[in-house]
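Enquirer: here is my input; please provide its structure:
(one chain, ligands or ions: 2)
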Amino acid sequence: MANVKVAVRVRPLNARESADGGKLAVQVDDKLVRIRNVKLDGRSEGAVDSREKLLEFCFDYCYWSVESADPHYASQEEVFQDLGVSVLAGASEGYNVCLFAYGQTGSGKTYTMMGTPESIGLTPRICQGLFCPEDSFSDGQNSSRVEISFLEIYNERVRDLLRGEQKKRTSLRVREHPEKGPYVEDLSQHMVTDCKQAIDLLEEGIANRMTAATHNHDTSSRSHAIFTIQYTQAILENNLPSETVSKINLVDLAGSERADPQYCRDRLTEGSNINKSLVTLGIVISALAQNSQMSSSCQSINSVASEGDSSTLGSHSSSLSGGAGGGRRLCFIPYRDSVLTWLLKDSLGGNSKTIMIATVSPSANSYNETLSTLRYAAHARNIVNKPRVNEDPNVRLIRELREEIDRLKSMLLSFELQRNPSPSLSDERDGNLSEMVLQNELKVEQLTKDWSESWRDKKELLERYSVDINRDRAGFLINSLQPHLVSLDRDVLSTGIVFYHLREGITRIGPHEQCEEPHIVVQGSSRCEIENHGGVVTLRPLPGCVCLLNDREVTEPCRLAQGTVITLGGAHKFRFNHPAEAAVLRERRRVSEGGSTCSYVDFCSVTPDDE
Ligand code: ADP
Ligand code: MG
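Expert: Ligands and ions are numbered 1, 2, ... in the order given. This is a model prediction of the structure:
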């Protein structure tokens, strides 16, 4: 059990707020945030309730980032040292972790989560932390795997921010797995092996989000972005394996003023679907907070958050709990009412360690929005989650068997120590126990061996060939970064798909009987050599074998172009792929699209080798 941790960060005044007089309404004092209603300043004590003048909230962390000259100023690094480090610690222990930023538009959510090139934010810092050298498990026995996905929710539609251009606009479905919970069907997952690759993906996704914003000027403030890192660790210590998978959700939410109760109610009656996700998030947080308070009778209720809470959060929760007097029943949590809450189901009240960072403006002009954010944050702090270490079931079995062995061994030992007067009976019992220990030990040994081999094989394969396997609609997609051949087998009974990587240097293709052992074995008289020289790939036909490139016979060395089909001896066909060249050609096609008539054939033409 763990409560959602809540941090509040106060950003600097912006130019407009400074020009308006720069009056501050917010103060931070250690873990307390005070907000003053400056409009009531002139009123006498008797005329207004003093609690309305100055409200106080307590949080887990409070960051004053208003002026860099201030001795209490909290920089991006300081925020990372608390929140980012705790995200990384949770993930390395095998927990799911969620960090989400909440606040009105322009309050600093994106600044905190993503940052700027001069002042990088939590997400890229967390990526760096995952790959920092002292923590990386690269010593053969221990290793880790990092996969990334990035999505955006806009108007209740989910878009993959890391898809190829043509698929960018398709919206994806959210589904629920009975054990793993809600997930986005067909969301692309990208394996990364260093920090730069992770940050490149983050930037690619942000750029896609930006493009969308130019098409619909209001998108940025109404879309939620979820950057997910799946972090799998395999550790073999004293021959005892451990394999954990943790999901890190880093969420940059849309501006909260869209969820303003009054605003939303009006718009909803107009039939317009105004950020349903954010409104539902409010209801879910409130209902969860209420449930948590109900189930822990000894927990004292945050007086400020509950007293005089006239926002809809309060009214939603009372309606959810069945109206006046029905407060004893646990509220139904309407996760499935919006895409955001459905996807964050585990992060809110479930299997996750969750941190919320509420961002606010210090300006007196934003009093209402800031107060609403602080109340939201205070509610969120009451949510109790149930995080657990996500362990591989086989590994759990190995550990349990080991524990059983230890238990049996200690039983054996205690019998030996207190040998009773009937030696034959105890010998028999000892024999049975010893046999059980032996059997269990054999089982553990085999399971550990199987586990180590399968983990190592998979990882080696993916790394050695730098391939990346992603799910794609009904199938899966294998992406490779190196030039390669895909075998196009004519045998109707052949079912596998074979990739041949063309590594730097010469790859020989031919039958076994050839004097030099071929790298790619084919039957009959088909043979040739392919040389990869710094990414320039050249095919050399060899005497005695008819070699066709895109159905044209070649007798001289030829440079291979992306998509070329190679036919050797009339029997063996391969398609040549050059991922780096293809990326350049795709970009060229994208630029020329709409006017020019660049065809597939133009891209795949065979160029005789000049050298
Ligand atoms: P949001 O994502 O909440 O809409 P942004 O993160 O885009 O808001 O912030 C709005 C503006 O305020 C940006 O120009 C950003 O650089 C600036 N800003 C926000 N928080 C801070 C901060 N803590 N320090 C300096 N500038 C900030
Ligand atoms: Mg933003």
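
Enquirer: and residue 246, what element?
Expert: Assessed by DSSP states H and E, residue 246 sits inside strand 240-252.

Enquirer: check which helices and strands that strand sits against.
Expert: helix 85-92, strand 97-103, helix 109-113, helix 122-130, strand 224-237, helix 393-417, helix 423-464 (3 or more CB pairs under 8 Å, 6 or more residues apart in numbering; DSSP states H and E). From N, CA and C alone the C-beta is placed, and that goes for glycine too.

Enquirer: and that strand, does that touch ligand 2?
Expert: No - figure legend: strand 240-252 not in contact with ligand 2 (CB under 5 Å from the ion); closest approach 5.9 Å.

Enquirer: rewinding a little: now for the helices and strands packed on strand 240-252, which one comes closest to ligand 1?
Expert: helix 109-113 (3.3 Å; CB to the nearest ligand atom).

Enquirer: and the helices and strands packed on strand 240-252, which is most packed in?
Expert: strand 97-103 (a mean of 27; mean count of other CB atoms under 10 Å).

Enquirer: can you give the strand pairings for that one, parallel or anti for each?
Expert: strand 240-252 (parallel), strand 353-360 (parallel) (DSSP bridges).

Enquirer: my read is that residue 369 contacts residue 359, right?
Expert: No - applying CB atoms under 8 Å, one finds residue 369 not in contact with residue 359, separated by 10.7 Å.

Enquirer: can you list residues touching both of the two?
Expert: residue 107 (CB atoms under 8 Å, 6 or more residues apart in numbering).

Enquirer: quick one: which of these two has more around it?
Expert: More neighbours surround residue 359 than the other of residue 369 and residue 359, with 28 against 21 (other CB atoms under 10 Å).

Enquirer: wait, isn't that one in contact with residue 105?
Expert: No - Residue 359 is not in contact with residue 105 according to CB under 8 Å; the separation is 10.3 Å.

Enquirer: could you find the closest non-adjacent residue to the residue positioned nearest the centre of the chain?
Expert: Centroid-nearest residue in the chain: residue 228, 1.3 Å away (criterion: CA atoms, centre = their mean). Spatial nearest neighbour of residue 228, excluding adjacent residues (CB to CB, 6 or more residues apart in numbering): residue 149 at 4.9 Å.

Enquirer: same check, this time on residue 54
Expert: Closest to residue 54 by CB to CB, 6+ apart is residue 36, at 5.1 Å.

Enquirer: please name the residues that touch that neighbour.
Expert: By CB under 8 Å, 6+ apart, the contact list for residue 36 reads 25-27, 53-54, 364.

Enquirer: tell me how many other residues surround residue 75.
Expert: For residue 75, using other CB under 10 Å, the count is 12.

Enquirer: can you tell me how far it is from residue 24?
Expert: 20 Å (CB to CB, to the nearest Å).

Enquirer: same check on residue 87?
Expert: Residue 87 is 30 Å from residue 24, by CB to CB.

Enquirer: looking at stretch 113-121 now, give me its mean pLDDT.
Expert: Mean per-residue pLDDT for stretch 113-121: 94.

Enquirer: how about the residue of the stretch 301-450 of the chain at minimum distance from ligand 2, nearest residue that isn't a chain neighbour?
Expert: Residue of the stretch 301-450 of the chain nearest ligand 2, by CB to the ion: residue 359 (9.3 Å). Leaving aside its sequence neighbours, residue 359 sits nearest to residue 103 (CB to CB, 6+ apart; 3.6 Å).

Enquirer: go ahead and confirm that neighbour touches residue 372.
Expert: No - between residue 103 and residue 372 there is no contact under CB under 8 Å: 9.7 Å.

Enquirer: between those two, what contacts are shared?
Expert: What both residue 103 and residue 372 touch, as defined by CB under 8 Å, 6+ apart, is the set residue 256.

Enquirer: re earlier: just name the most buried of the strands paired with strand 97-103.
Expert: strand 353-360 (a mean of 27).

Enquirer: that strand versus helix 85-92: what angle between them?
Expert: Angle, strand 353-360 to helix 85-92, by axes from the mean of the first three to the mean of the last three CA atoms, to 10 degrees: 160 degrees.

Enquirer: return the residues in contact with the residue nearest to the centre of the chain.
Expert: 148-151, 247-250.

Enquirer: change it to 7 Å
Expert: 149, 247-249 (CB atoms under 7 Å, 6 or more residues apart in numbering).

Enquirer: what's across from it in the sheet?
Expert: residue 149, residue 249.

Enquirer: could you check how far it is from residue 521?
Expert: Counting by CB to CB - residue 228 and residue 521 are separated by 42 Å.

Enquirer: what about the residue in the stretch 201-350 of the chain that ligand 1 sits nearest to, how many residues nearby?
Expert: Proximity of the stretch 201-350 of the chain to ligand 1 (CB to the nearest ligand atom) peaks at residue 255, 5.5 Å away. Number of residues near residue 255 (other CB under 10 Å) recorded here: 22.

Enquirer: once you drop chain neighbours, what's closest to it?
Expert: Residue 255 sits nearest to residue 105 (CB to CB, 6+ apart), 2.9 Å away.

Enquirer: where does the one you found sit: helix, strand or coil?
Expert: coil (DSSP: H, G, I helix; E, B strand; the rest coil).

Enquirer: so how far is ligand 1 from it?
Expert: Here residue 105 is placed at a distance of 4 Å from ligand 1 (CB to the nearest ligand atom, to the nearest Å).

Enquirer: which element is the closest residue to residue 39 other than its chain neighbours on?
Expert: Once flanking residues are discounted, residue 39 sits nearest to residue 367: 7.4 Å by CB to CB, 6+ apart. Taking DSSP H and E as the criterion, residue 367 maps to helix 367-380.

Enquirer: buried ones in that helix, by neighbour count?
Expert: 367, 369-380 (16 or more other CB atoms under 10 Å).
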